[in-house]
Structures are given as structure tokens and as C-alpha cells.
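A predicted structure for the sequence below; I have some questions about it.
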Amino acid sequence: MASLETPTPQSKALHCYSLRSPGRAEEEGVPMVKFSKQFEGQLVPEWKEAFVDYWQLKKDIKKLQAAGGSAAMAAAPPSLCQTPTAAHWVMRLPFLQPHREHGAIQVHRKLAITGSNDGVVAGEVYGTELMDGGFTDREAAGAFFERLDQQLNKVNRFYEKKEGEFLERGECLRRQLQILVELKAAITEQQRARQCGGSSAGSTDPEDPSVSCSILHGEQSLRGIAEHEQEGIEKLTKDVFAKNTDEGGEDQLAISQGLDDSGRHTKTCEEPGSKLRTLSGRVVTCQGRSVRINIPVTTPSRTVTAIRELLFEDMLSQSRRIGAQGGDGSEKLSINKKKVHQAEKMIRGALVELYKGLGYLRTYRSLNMMAFVKILKKFDKVTAKEVQPIYLKVVESSYFNSSDKAVRLMDDVEELFVRHFTEGDKRKAMKYLKPNQREESHTTTFFIGLCTGGFVALFIGYCIMAHVAGMYTQQSNKVYMSTSYPVLSMFSLFFLHLFLYGCNIFLWRKTRINYTFIFEFSPTKELKYRDVFLICATSMTIVVGVMFAHLTLIVRGYSSCAVQAIPGGLLLVFLLILICPFNIIYRSSRYHFLRVIRNIILTPFYKVVMVDFFMADQLCSQVPMLRSLEYLACYYITSSYRTQDYGYCTRVKHFRDLAYAVSFLPYYWRAMQCARRWFDEGDINHIINLGKYVSAMLAAGTKVAYENNNSAGWLSLVVIVSSIATTYQLYWDFVKDWGLLQFNSKNTWLRNDLIIKQKYIYFLSMGLNLVLRLAWLQTVIHPNIGSLDSRVTLFLLAALEVIRRGHWNFYRLENEHLNNAGKFRAVKIVPLPFHEVEED
């Protein structure tokens, strides 16, 4: 009889009475191995701790087998292991077996009561009692079932909790959709009235898409709009919009009277404790309900409005009270189609995330059910008992497998999405709700190999040509090293960084780190690691090929303007490809990259998300590349390449000052992102993080001053400031970004949860990060490698910083993933636009 373990004489003796033939057993042993990998590959990474601990249960069975193997071997007569006869198999048929009053086990179900004085029922718990004395090692079998019961109870509690959260979220979205439908109906009705000349709502322009209505300015602060969830779980029904929104003038947006400072309660559907700054304080009455409209501050215009309201909040409140005393207590507000469209977009995103979460819950249910089936089957095979039917009957009737609320809610969400967002087109709705991931092609792998081979051949040829021409030495061609070499170094640093990002993606996928969820990437448009490698290999093949041809022309004595413009033309071609509007060469990824860069440049006016500050951190490691880009832009835009005046951009003061400013920009952007996150969330840690980037800017400033004035005083200041900044950065890297150096951790000097099982890798990584953080020492010691040009030495140091950043990226996302897993956060909570206000 084949099993997952290495066959032993004891196991053969134990299995000699199996009803299955050896061939059949070997066939069934393969799926058991496959299921372990399937289970690990399909489970929701952030919910891993809530799944059945299948691997620990397998270890318990191995212990049970090892403990009972010797006893079974001793007790089994030699004749028992002979090949069973046909009569023996007939006598093993179920209907010929003597009737048993009870099975090997009995599972008890009881209600768990909370420890509070109220004695509230917390749910059902299961406990297994061994009824059959035929277990070889009764203690080991009892320990197995005790753990199995714990796993079943854990699965039930988690499923019930998540189901309740999704049901409550579904009810919130039902109300949001109802309000949205009523608002759209009111806008349509009033526009129709205006076109007929019967509108007196304030605007005489028939093309004005807005609805004039009165507004109640709330007194709540801009921070912490949503602090409490509505209690209770309600069922989401399908026909929630049967109400006719076209009935007469009652659908007009009306006014909530007065500026009452009390007696008002806001019902929200937000996550508890969420503190996102919004444009709020506006209450309209729609269909007899007071509704507060909250639009997240995500764009520059909304940010400016929020800052203005924050600065002049007291003044505006006073003026409104004065106006309320002299008027009707209300103010006019225009709610146009654009605002309604934004609310509709937010609700659509929330429905998509809810549907995704329900899909995860369905996966959680099916995988856990299969895990119970597999582990009980293995237990029966090892112990020769028949406990699987008994225990599976209990599992099938337990809450996580018997409840159909989540399934019905999933169908309801699908129906509502089809009805309200795709005009009845189910196929279009499924593109939002169930996006198909792009399949990886072997063609991509082929072209990676092809382009890599071309790059290696061209690079070797370029190195030979450069060595023959005497380039990259202290006696090399100054014009070439000042104008053409920066192009090659800039592309090399950029695509080295991109290559390391591809390596990060590979490792994140290998270790089941959900980087797609962390970065909020679209599953249909995200770059796979093979795509990244293809981009790097193809681009560097083109770059090295063009630079090889350009160097060949320079060596042969061609120095015309056209030859000098070749590196600039190469840079221009790549920039044009980056902004190309046609749907070629990964357009969605290119435009997403440009949007992220825009958000970084316009910081702090855009809301900062994970991908924004992650990219800004990458830019902090690419200061040499940015300085090369600034110099090349100056060199070619001012037409200095025509006269080969490579020193013009370093002689002119404002260009030289611009070069220094570029050195500070990444740190400034990152500091402003910290300030914006503090503005949005109010977390003091963002202010502390801001101080890290301020110290980096001070260190960069002292280095620039030392370059201009090589005095001992400035050198001492560089050492002091840079040492403080490096210590600050190392502390933040290890403790905050990586979550390591936790003194009370069960893993000494690390953290409780580790994705990489080899602990020494973390210590090596911390040491490597420490060494590479000390790259600023090149400012002090001015290292030279043989006769190489100093620019080459600086390039190598810049490459080491890029490598450090790529190494840092893995542990940064590992810590973020573990934080999400610790909170079982697998789907994004999209803020909702409408919040009902009750008058007490």
C-alpha cells in the first residue's frame, strides 16, 4: 500500500487489511501530494492563519503512525499480511459486517457562552470523544482529534465573522445605491422641468446640468468622518429599487431646516477607526432622508478646497450662523452630474471589492472542506478505522459549509451590478467582477532569451571597442565621457532598477506575497516578471546597440552634429514611446507609471497611496540618474551639442542651481508625502518619517557645500550630518519598514512572523543594507579604481544604491503583507459617498 511517507515494514503490516488494491492506492497517493501544493497555492494569502492547518494535522498523523507502527507490527501474525483471498473480500462487504451501535468516535456539539455577565451565545463548538478502544495509541489519536476540533471551530468562527462583515457591507451598499438612484432621478426630473421652462430652482440656463438645492452645513470636523459602524446584519434583497423615483415634485432635492448643533446622528458604513479626510459637512434631504455627501480628497482641486475649509472653518461657521439668523437658515448648493458620477464610481468600486471578497470567502469554504476530506481520508488509511463518514457528517452540517447567506449575497451583488452599471449586459459586468488574468506566453520567454543573448554580444563588443579607443580612463575623450556616457549610465541605472523589480515580483510570487493587492494593480493589466525581463532585455539591447554604433563612428573620426545628436535622439525615442497614445508596448502600464510620477511631482495635492510613496522611495535611490537626465536635457535643449560645449550647463549659475535642486527633489517629494499622509490620517509616525527625509536633505546639502569648498570644517560637518542621517535611516529600515529588531519576538531580534524560514537571511540582509547605506563615504575618501575615470566609479556606487533599494523592496512588501495578514485584510475598503443623518 503506497502512502505519502516512505514505506516501512511497520506501515506494510498496518495496511495489509486495506480494501483498496496497491495499484489503486498508489494512484490515490498522487492527489494527496498534489493537494498540499494546491491548497497552499490557492488559499487567500492574507487569510492563511484562518485556514485549516493542514500541514500540522499531517504531522500529527505521522506521529500517530510512528507511535502505532511498532505495536501493529508486533501484534500482526505473519499470515495476516498474505494476499487476501476472494472470500476475504466478500466478507468485508458492508452489508455482511455485524451491526455496531456506535462508531469509533462521537462528535459532541454545544453552544459556547461568552464570559460576560450577559451570557451571550458566541456560537457552536465541537468536541470529539473516542468511543472505540481499538486505537493503537489512544493518546495520539485523542490529540489529533483535539486539534481537528480546534481547526473546525476556528474555521466556523472566522467564516461567520467574515460573512457578517460582508453582509453588513452589502446592506450599506444597498442603501448607497438607493440614494444614488434617487439623486439621479431628481437631477433628471429637474433638468426636464428646466427644459420645459417650468424650473425656478435658481438657474435659467437650460444647459446647466446641476440641481439647485438647500444645504445644511454640518458641524463635524473634516478628520474622522466615519467612526462607528451600524450594528446588526441585514439581508440584501434583490428588489430594493422597486420604488418609483419619478413621482411628481416629491423627488426634488429639498432643504434640511436650521443649523442644529445637536440631535443629529450620522449613520455610516465605513470601517471602524478609519480616518480619511473628506469634503464633508454638506447635508441634503432626499426622499425624506437627510444625507451627508463625503467626497475623498484625492485630487488637487479637492485638496485646495479642504485646506481652505480647514483654515477658515471658524470664520465660515460664524458667517453661516449670521446668515441663518437673517435668512431662512439655508444655503444653496449645486449638485451636478459630475458629483453624482464620482459617487457612482465610488459605489461601483465598492461593489467590485465586495464581490471579490465574497469570492475569497467561497474559496475559503471549498478549500477547507476539501482539507477536512483529505486529512480524514489519510487518518482512516493510517489507522484502519472508518471515522471519515462520521466526522464529515458533522463538518458538512457546520456553519461554514451549511450557511448560504454569502452565496445569495454574491448573486445579489452580481444582479445589482448588471442592472445599475452595465445596463443589463452581464458579459460586460463580468469584466469588472471577474477579470480574466492575462496568460503568460512561452513566446515572451523565447524573446527574453533572444534579446539577452543580443545584449551580451553587443555589450562585449562595446567594451572591446571602448578599451581599444581608451575610453573610461582618466585620459579618455572628455567630450564623449561628458555627453555620451551619461546616456548609457542613465539607461543602465534605470533598467537595472527595473530588472531588480522583476526579480522582486518573482520572489513575491514565490513566497505568496500579495503585491498586486498591496499596490492595487489591476489583475488584467499588471506586469508579470517575464514582461519586466523582456522590457529590460529588449531596451538594453537597443541602447547598447545604438551606443556601440555611435562609439564606432566616434573612433573613426566622425564628429558632426548628427553624430553628436545620436545619444540625444535615443533618449528622445524612449520618451516618445513612454507617452505614445497608441495601444502598443504595454500602454496601460506606461500610463499608470506616468500617473504615479504625476502624483509624486504634484505632492501633496494628490492623495498618497502605497504605490505612490513606494515609487518615490525608488526615486530617492536614483538621484544620479535624475542629475544625468537634467544635464542631458540642458545639453541638447540649449544646442550645446552643436559646438560640443559640454561645460556650458555646469558654468551657467541657474543651470548649476537646477542640478543641485534635482538632488533634493526626491527627498522633498517623499517628505511632502509624509506630510500629506499625516494630514489625511493624523498618525504622528508620518511626521517622524518626514524627519528622516529632512535629515537626508540636510546631508545632501552639506555634501554639495563640501564639493564647492573642500575645507576641513565642511568635511567634519558632512561626516556628522551624514552619520546622523544614516543612523536615522537604518533605524527606520529595520524597525518600521521591515518590522525587525523586535526584542520580545519569539524569533530573537527579528519578528514573530517570518516568510523566509532561514533566519540567518534576515541578519545577512540587515548587514548588507548597513554596508550599502554607507555609500556616502565616497564623498569623503574619493575612491578610484585603477585608472578608471571618476565617473565610472560614481556609476558603480550608484548601481550599489540601486541594488540596495531592490533588496530593500522585498522586505518592505513582506512586512506590509504580514500587516495585512495580521488584520485578515484581503480586499480594499472603498469609502462610500453618502452617509445618512438621523434627527433625534
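In hand now; what should we look at? Residues are numbered from 1 along each chain as shown.

Where does pLDDT dip in the stretch 101-250 of the chain?
The stretch 101-250 of the chain contains residues with pLDDT under 70 at 101-102, 113-122, 132-134, 197-250.

got a pLDDT number for Val297?
For Val297, the pLDDT comes out at 78.

now the closest residue to it other than its chain neighbours: how far from Gln38?
Nearest non-adjacent residue to Val297, counting by C-beta to C-beta, 6 or more residues apart in numbering: Ala306, 4.6 Å away. Backbone N, C-alpha and C define where each C-beta goes, glycine included. In this view, Ala306 and Gln38 are 48 Å apart by C-beta to C-beta, to the nearest Å.

So which of those two has more stuff around it?
Of the pair Ala306 and Gln38, Ala306 is the one with more neighbours under other C-beta atoms under 10 Å, namely 20 against 13.

The more buried one is in contact with Ile295, isn't it?
No. Taking C-beta atoms under 8 Å as the definition, Ala306 is not a contact partner of Ile295, at 9.7 Å.

contacts for the host helix or strand of Thr702?
Applying DSSP states H and E as the criterion places Thr702 in helix 684-708. Residues outside helix 684-708 that contact it (C-beta atoms under 8 Å, 6 or more residues apart in numbering): 620, 623, 660, 663-664, 667-668, 670-671, 674-675, 677-678, 714-715, 717-718, 721-722, 724-725, 728-729, 732, 736, 776, 779.

ok now it, how far from the chain's centre?
29 Å (C-alpha atoms, centre = their mean, to the nearest Å).

Show me what the helix or strand just after that helix is packed up against.
For helix 684-708, the following helix or strand on the C-terminal side (DSSP H and E) is helix 712-731. Packing contacts for helix 712-731, counted by 3 or more C-beta pairs under 8 Å, 6 or more residues apart in numbering; DSSP states H and E, involve helix 684-708, helix 760-773, helix 778-781.

quick one on the thing from earlier: of the contacts of helix 684-708, keep whichever come out buried.
620, 623, 660, 663-664, 667-668, 670-671, 674-675, 677-678, 714, 717-718, 721-722, 725, 728-729, 732, 736, 776, 779 (16 or more other C-beta atoms under 10 Å).

Return the residues in contact with Ala429.
Glu414, Phe417, Val418, Phe421, Thr422.

Now do the phi/psi pair for the last one.
The one in question is Thr422. Phi and psi for Thr422, reported as degrees, to the nearest 10, are phi -130, psi 10.

what about it, neighbour count?
For Thr422, the count of nearby residues is 17 (other C-beta under 10 Å).

now swap in the third one and tell me
Val418 has 18 neighbours, counted by other C-beta under 10 Å.

Grab the nearest non-local neighbour of it.
Val418 sits nearest to Ala429 (C-beta to C-beta, 6+ apart), 4.5 Å away.

How about Val563?
Val563's closest residue in space is Leu553 (C-beta to C-beta, 6+ apart), at 5.1 Å.

Any chance of the contacts of Ala429 in a markdown table with distance to Lys759 as columns?
Listed next are the contacts of Ala429 as a markdown table, based on distance: C-beta to C-beta, whole Å:
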| residue | distance to Lys759 |
| --- | --- |
| Glu414 | 46 |
| Phe417 | 46 |
| Val418 | 51 |
| Phe421 | 49 |
| Thr422 | 51 |
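
Please narrow those to those residing in helices.
Glu414, Phe417, Val418, Phe421 (DSSP state H).

List the contacts of the third one.
In this case it means Val418. Counted by C-beta under 8 Å, 6+ apart, Val418 has contacts Gly424, Asp425, Lys426, Ala429.

at 10 Å what do you get?
If you count contacts by C-beta atoms under 10 Å, 6 or more residues apart in numbering, Val418 has them with Gly424, Asp425, Lys426, Arg427, Lys428, Ala429, Met430, Leu433.

Among these, name the buried ones.
Buried among these by 16+ other C-beta under 10 Å: Ala429, Leu433.

All the strands of the protein, residue numbers only.
105-113, 121-130, 211-217, 264-267, 278-279, 282-286, 289-293, 295-296, 331-335, 834-839 (DSSP state E).

my guess is Gln176 meets His835, correct?
Yes. Between Gln176 and His835 there is a contact under C-beta atoms under 10 Å: 9.4 Å.

how deep is Leu632 tucked in, by neighbour count?
Around Leu632 there are 20 other residues, counting by other C-beta under 10 Å.

Could you measure from it over to Ala140?
72 Å.

what do you get for Phe459?
Phe459 sits 62 Å away from Ala140 when distances are taken as C-beta to C-beta.

Also Lys338?
Here Lys338 is placed at a distance of 68 Å from Ala140 (C-beta to C-beta).

just Tyr432 next, same as before
Taken as C-beta to C-beta, the span from Tyr432 to Ala140 is 51 Å.

With neighbour numbers in mind, choose between the two.
In this view Tyr432 and Ala140 are compared by other C-beta under 10 Å, and Ala140 has more residues nearby, 18 against 15.

I'd say the more buried one and Lys59 touch.
No. Using C-beta under 10 Å as the test, Ala140 is too far from Lys59 to be in contact (11.4 Å).

mind checking the end-to-end distance for stretch 741-760?
The first and last residues of stretch 741-760 sit 13 Å apart, counting by C-alpha to C-alpha, to the nearest Å.

who's in contact with that stretch?
Contacts of stretch 741-760 (C-beta under 10 Å, 6+ apart): 45, 49, 507-508, 510-513, 731, 733-735, 738-740, 761-766, 810-811, 814-815, 817-819, 821-822.

at 6 Å what do you get?
Thr511, Phe734, Val735, Gly739, Leu740, Tyr762, Glu814, Leu818 (C-beta atoms under 6 Å, 6 or more residues apart in numbering).

out of these, which one sits closest to Val382?
Nearest to Val382 out of those is Thr511 (C-beta to C-beta; 31.5 Å).

Got phi/psi on the closest residue to the closest one other than its chain neighbours?
Counting by C-beta to C-beta, 6+ apart, Ile755 is the residue found nearest to Thr511 once chain neighbours are left out, at 5.0 Å. Main-chain dihedrals, Ile755, degrees, to the nearest 10: phi -80, psi -40.
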